[in-house]
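Engineer: show me how the following folds:
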Amino acid sequence: MVKCKNCSSENITKRGQRKTKNKGLIQRYFCKGCKKRFVVDDGFFKKKNNSDKITQAIHLYFSGASLRKSQEHLGVFHPHNASHMTILRWIREYASLVGSYVDSLKVQNSDSISFDEMEYKTKGKQSFFIDVIDMDKRFMLHSNYSMTRTTEDIREVLKGARAKSLNKTTKFYTDGLMAYPEALRKEYSFNKHRKEFLHKVTKSKDKAFNWKIERLHNNIRERTKIMRQFKNVNSARDIMKGYEIYYNFCRKHQALGKYPYEVAIPSLQLGKNKWLDLIKLSAYSLVQTKHNKKK
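Structural biologist: Alright, predicted model coming up:
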């Protein structure tokens, strides 16, 4: 249902079309309530490039192509090419937009999670990507990029995972990092003496060394190995958030035979171009949030 972006009224009618050079015809609407004309913001409002080109570039990047390889690909199939820096801006903008939306979705989680961190470099300094996955659904519940891996850094990621989870988590799988037990105690009220809780600490010599999350990290390394380091924390957060979205919603999991979101969020219906649908849903959710704040 289309609503007026100025007053949220549903008493609207179509009022002509606007012709654009790269995006074709765009439908205009007229609101009988506030007497204003408007164009629906589908996440690509005022963009010079069409939605198919933008989402194709984003998907190429997270599939493993570099920024310049993505640019070369677009140059073959689209008459007006975009620079590699424009593609990076798309990646950051839409990873942030969609990230806010998917973080608000509730997950039908299992009772087991695994969390770990990966080491990177940001401006030559040590930094970390910290993430949590559902052991059964293989859904990445939350992640963050930080310059440190203190108890509070771990706890922030666990807090995001817990906020999404509809079911209680009682089993935790980690390596031996000293910050994990304290973060679990503070965020989940974990007590090793309570029978309903299990904290399995695995070591590198163990054959089953957190293999599910390590398998995920191997996939991430395949994507990030061409980057020597990140230039700043904010850019790193956007890019890694984009990979979280790609992993959960746009990449079919081999073991599951499905996309992780189909198991964890079965009510969410996405079409073939999942980036496109996620961006449109995110833009609509953002508009509704703004209207609710005005009220």
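
Engineer: residue 100 - how many residues pack around it?
Structural biologist: 14 (other Cβ atoms under 10 Å). In this view, the C-beta of every residue, glycine as well, is placed from N, C-alpha and C.

Engineer: pretty sure it is in a helix, no?
Structural biologist: Yes: under DSSP: H, G, I helix; E, B strand; the rest coil, residue 100 falls within a helix.

Engineer: any idea whether the nearest residue to it once chain neighbours are set aside is helix, strand or coil?
Structural biologist: Using Cβ to Cβ, 6 or more residues apart in numbering and skipping the chain neighbours, the partner closest in space to residue 100 is residue 282 (6.9 Å). Under three-state DSSP, the three-state class of residue 282 is helix.

Engineer: and stretch 223-232, what's buried?
Structural biologist: Residues of stretch 223-232 classed as buried: 223, 224, 230 (neighbour count, 16 or more other Cβ atoms under 10 Å).

Engineer: any idea how far residue 138 is from the first one?
Structural biologist: This points to residue 223. To residue 138, residue 223 is 17 Å away according to Cβ to Cβ, to the nearest Å.

Engineer: now do residue 289
Structural biologist: Here the criterion is Cβ to Cβ. By it, residue 289 lies 30 Å from residue 138.

Engineer: which one's more surrounded, the two?
Structural biologist: residue 138 (23 against 12).

Engineer: quick check: which element contains the residue most central in space within the chain?
Structural biologist: Nearest residue to the geometric centre of the chain (Cα atoms, centre = their mean): residue 245, 3.1 Å. Assessed by DSSP states H and E, residue 245 sits inside helix 233-245.

Engineer: helices or strands up against that helix?
Structural biologist: helix 51-63, helix 84-102, strand 112-122, strand 125-134, strand 140-146, helix 211-224 (3 or more Cβ pairs under 8 Å, 6 or more residues apart in numbering; DSSP states H and E).

Engineer: which other residues reach it?
Structural biologist: 58, 61-62, 91-92, 94-96, 98-99, 102, 120, 122, 127, 129, 131, 140, 143-147, 220, 223, 230, 278 (Cβ atoms under 8 Å, 6 or more residues apart in numbering).

Engineer: can you select the buried ones among those residues for me in PyMOL?
Structural biologist: Buried residues among these (16+ other Cβ under 10 Å), as a PyMOL selection:
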select buried, resi 58+61+62+91+92+94+95+98+99+102+120+122+127+129+131+140+143+144+145+146+220+223+230+278
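
Engineer: need the contact partners of stretch 32-42.
Structural biologist: With contact meaning Cβ under 8 Å, 6+ apart, stretch 32-42 is reached by 2, 4-7, 9, 11-13, 15, 18, 26-31, 45, 51, 279-280, 283-284, 287.
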